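1. Give me the fold of what follows.
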Amino acid sequence: MDALSQVEGRAIPFGAKNVDTDIIIPAVWLKTITREGLGKGAFESIRAIEGNVFDDPAYAGSPILIAGDNFGCGSSREHAAWAILDLGIRAVIAPSYSDIFSGNAVKNGILPVVLPQDAIDRLMEVAREGQPITVDLENQTVTTPFQDRFTFDIDPFRKHCLLHGLDEVALTLERQAQIGHFESQRAGAQDWLIKGTHV
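-> Residues are numbered from 1 along each chain as shown. Predicted coordinates for the structure are as follows:
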C-alpha cells in the first residue's frame, strides 16, 4: 500500500452518525473479486438523494472525509475500506469508529483520525467554506488555514504501518530472513515433518 504521512485538501463534510458498512458499500457490490471500481458503489443510497455531498462537484477528488460518531459500524466487510480508498479518500475524521472498520482502514492505507465532536463541528464549517484541511500523521495534528489546530492519538504500531506503507504482507516480508532461518532450522531438527512421516 502507499505510504501516508500527510493528507491535504478539501474535505467532504458528511458528518452523519452511525453510518454502517452497508451504507458505505451495499452488499450487492460484494461479488467483485477486485478492489478496483468499488468507489462507484460507495454511499450508493446517499448518492441517490439529489444534492448529496458525494456528488457535489465542489468536493470532487477530496482526500478527506469528515464523518459522525460510530462510523463504519455493522459488518466486518473490508470492502468498506476498499470503496472509500477507491473514492480517493486517505483520511477519515470522526469522533469514533467501529474497531473492525478502523483496523481495516489502516490495513488499506486510510488514516482514521479520532477527534471530539466540537472539533468535528469546526472542521465541518471549514469544509463547507471550501477551505483545505491538513492532516499530519507524523505530528498527529489536523490544521486549517484559520489557525485551528487539533491533536489526535494513534496507536504507534498503526502509525508506523501507515507512515511506511506496510500492510500485512509487507510486514511479513520484513521478517523474511528470520522466517527463512527458522524454517531451515526446523527442517533439520524435525525432518519427519518435511517428509510427512512420524518417527
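2. pLDDT on the biggest helix by length in the chain, on average?
-> Ranked by residue count, the top helix of the chain under DSSP state H comes out as helix 176-189. Averaged across helix 176-189, the pLDDT comes to 74.
3. Check which helices and strands it sits against.
-> Packing contacts for helix 176-189, counted by 3 or more C-beta pairs under 8 Å, 6 or more residues apart in numbering; DSSP states H and E, involve helix 191-195. C-beta coordinates here come from the backbone N, C-alpha and C atoms, glycine included.
4. domain ranges for the protein?
-> Split into domains by automatic domain parsing, the chain comes to 6-165, 167-199.
5. weakest of these in terms of mean pLDDT?
-> domain 167-199 (a mean of 69).
6. In space, what's closest to residue 79 - neighbours in sequence excluded?
-> Counting by C-beta to C-beta, 6 or more residues apart in numbering, residue 79 lies nearest to residue 25, which is 4.8 Å off, once chain neighbours are set aside.
7. quick one: contacts for the one you found?
-> 38, 41, 42, 44, 77, 79, 80, 82, 83 (C-beta atoms under 8 Å, 6 or more residues apart in numbering).
8. Look up phi and psi at it.
-> phi -150, psi 110 (degrees, to the nearest 10).
9. what's the spacing between it and residue 156?
-> For residue 25, the distance to residue 156 equals 30 Å [C-beta to C-beta, to the nearest Å].
10. Please apply the same query to residue 51.
-> 41 Å.
11. and what of residue 28?
-> 38 Å.
12. And for residue 172?
-> 19 Å.
13. So if I had to pick from those two, which one is more boxed in?
-> When neighbours are counted by other C-beta atoms under 10 Å, residue 172 comes out ahead of the other of residue 172 and residue 156, with 11 against 8.
14. Setting the sequence-adjacent residues aside, check what's closest to that one.
-> Closest to residue 172 by C-beta to C-beta, 6+ apart is residue 179, at 7.6 Å.
15. Tell me how many other residues crowd the one you found.
-> 12.
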